[in-house]
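Participant: sequence? don't have it. structure:
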């Protein structure tokens, strides 16, 4: 649903960017699954299977991809410890390393189980994931693979899947539920992630970004599609994974160091981009508009300048900030708010 949504004509026209699968066969299969949902059919499940997908970010008005997003699909069955073979164990270890070397991770909370078991399920999930990190870390140490970790996900987004089962819910209410009923488990999980690479607390963001997700509107059992056009949060994912790391850098960096801090991140995360300081300043200004009450006019001016100068970095992130300013995003996404505006 994620890929098909970003390929749809409505999305491209509204947001002026789209995703294109780097592998044509994978793209065809993903679109097939998306169109099945649009026809109120459920695609086949992928139990015990994981896949890696590369998506090119294509921005209207630019011929070359702005960036490549690599998606790792971690099977939920692995979180429960259900492995079918030794080969699965090796795959799980390899994927764990890749997950921990990512810039952003989505920690999915099953909406149907949350609706059924409430906060007990969230506490169980956090504790289970924490224990799995500990166990996998030990296995990696035994195999002398612990040094494969280069960095930790800078952002962990806590996402509620099947959120359509809770029609009156918002991302802010979701955050409130977790912070009041599972805060100790959240703190323990963050500490475990931090200790994995001996990082400072400020370098691990867990419990600051929340997202509601649903690929369609389902019936009460979650097994039949009722309205395939009523999605939640799917169109926000690419914007969140691009903007959130920069937003956190700005919020935690002294004003004078903002450009020097963001520059290396952009050049690593988006290896096709070679932005100059002027363009990075535009990036900072655009991301800061997430806290501005008069952002529409400011973003329009920033967008005009970036496209006129052919600044693909700034133009891409401006388009994504616009997505995160939409009415749907206000309900479906809740992240940290910038309290100041850097003067660069």
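Facilitator: Nice, I can see it. Small disclaimer: the values here were computed from a predicted structure and weren't measured.
Participant: Quick check: which helices or strands does the helix or strand hosting residue 313 pack against?
Facilitator: Counting by DSSP states H and E, the element that carries residue 313 is helix 312-324. Helix 312-324 sits against helix 9-15, strand 17-21, strand 52-59, helix 237-252, helix 277-288, helix 295-308, with contacts defined as 3 or more C-beta pairs under 8 Å, 6 or more residues apart in numbering; DSSP states H and E. Bear in mind the C-beta positions are built from the backbone N, C-alpha and C, glycine included.
Participant: pLDDT below threshold where in the stretch 201-344 of the chain?
Facilitator: Along the stretch 201-344 of the chain, segments meeting pLDDT under 70 span 201-202, 216, 218-226, 228, 252-284, 286, 288-297, 337-344.
Participant: if we go to 50?
Facilitator: Scanning the stretch 201-344 of the chain for pLDDT under 50 picks out 255-256, 268-269, 271-273, 293-294, 339-344.
Participant: can you give me the helices in the stretch 51-200 of the chain?
Facilitator: Taking DSSP state H, counting those that start in this stretch as the criterion, the stretch 51-200 of the chain contains helices spanning 76-79, 86-100, 111-117, 119-142, 171-181, 183-196.
Participant: tell me the contacts of residue 239?
Facilitator: For residue 239, the contact set (C-beta atoms under 8 Å, 6 or more residues apart in numbering) comprises 320, 321, 323, 324.
Participant: Relative to residue 167, how far out is the nearest residue to it once chain neighbours are set aside?
Facilitator: Spatial nearest neighbour of residue 239, excluding adjacent residues (C-beta to C-beta, 6 or more residues apart in numbering): residue 320 at 3.7 Å. Applying C-beta to C-beta, to the nearest Å, the value for residue 320 to residue 167 is 27 Å.
Participant: Show me which of those two is the more surrounded one.
Facilitator: Comparing residue 320 with residue 167 by neighbour count (other C-beta atoms under 10 Å), the higher total belongs to residue 320, at 25 against 9.
Participant: Let me know whether that one touches residue 238 as I believe.
Facilitator: Yes. Between residue 320 and residue 238 there is a contact under C-beta atoms under 8 Å: 7.0 Å.
Participant: Nearest approach to residue 19 belongs to which of the helices of the stretch 51-200 of the chain?
Facilitator: Of all those, helix 86-100 sits nearest to residue 19, with 19.8 Å by C-beta to C-beta.
Participant: Which elements pack onto the closest one?
Facilitator: Judged by 3+ C-beta pairs under 8 Å, 6+ apart, the packing partners of helix 86-100 are strand 67-72, helix 76-79, helix 119-142.
Participant: Of all the ones you listed, which one is nearest residue 41?
Facilitator: Per C-beta to C-beta, nearest to residue 41 of these: helix 76-79, 21.5 Å.
Participant: Show me the residue at the heart of the chain, geometrically.
Facilitator: residue 241 (4.3 Å; C-alpha atoms, centre = their mean).
Participant: Can you tell me who the nearest residue to that residue once chain neighbours are set aside pairs with across the strands?
Facilitator: Spatially, and ignoring its direct neighbours in sequence, residue 241 is nearest to residue 104 (4.3 Å; C-beta to C-beta, 6+ apart). Beta-bridge partners of residue 104, counted by DSSP bridges, are residue 155.
Participant: what's near enough to touch residue 104?
Facilitator: 153, 154, 155, 156, 157, 240, 241, 244, 245.
Participant: rerun at 10 Å
Facilitator: 69, 153-157, 205, 209, 237, 240-242, 244-245, 269 (C-beta atoms under 10 Å, 6 or more residues apart in numbering).
Participant: which of those sit farthest apart?
Facilitator: Maximum pairwise distance in the contacts of residue 104, criterion C-beta to C-beta, is 18.7 Å, between 69 and 205.
Participant: Those two: which is more packed in?
Facilitator: residue 205 (25 against 21).
Participant: What values do phi and psi take at that one?
Facilitator: The phi and psi values for residue 205, taken as degrees, to the nearest 10, are phi -100, psi 110.
Participant: ok so, going back, between the helices and strands packed on helix 86-100, which one is closest to residue 180.
Facilitator: Here helix 119-142 is closest among the helices and strands packed on helix 86-100 (C-beta to C-beta), at 8.2 Å.
Participant: what helices or strands is that closest one leaning on?
Facilitator: On a contact count with 3 or more C-beta pairs under 10 Å, 6 or more residues apart in numbering; DSSP states H and E, helix 119-142 meets helix 76-79, helix 86-100, strand 104-110, helix 111-117, strand 155-161, helix 171-181, helix 183-196.
Participant: can you pull the buried residues of the second one?
Facilitator: Buried residues in helix 86-100, counting neighbours by 16 or more other C-beta atoms under 10 Å, are found at 88, 91, 92, 93, 95, 96, 97, 100.
Participant: can you give me the angle that helix makes with strand 67-72?
Facilitator: Compare the direction of helix 86-100 with that of strand 67-72 by axes from the mean of the first three to the mean of the last three C-alpha atoms, to 10 degrees and you get 140 degrees.
Participant: I'd like the distance between the closest residue to residue 213 other than its chain neighbours and residue 106.
Facilitator: The shortest distance from residue 213 to any non-neighbouring residue, by C-beta to C-beta, 6+ apart, is to residue 233 (4.2 Å). Residue 233 is 10 Å from residue 106, where distance means C-beta to C-beta.
Participant: Please apply the same query to residue 316.
Facilitator: Applying C-beta to C-beta, the value for residue 316 to residue 106 is 20 Å.
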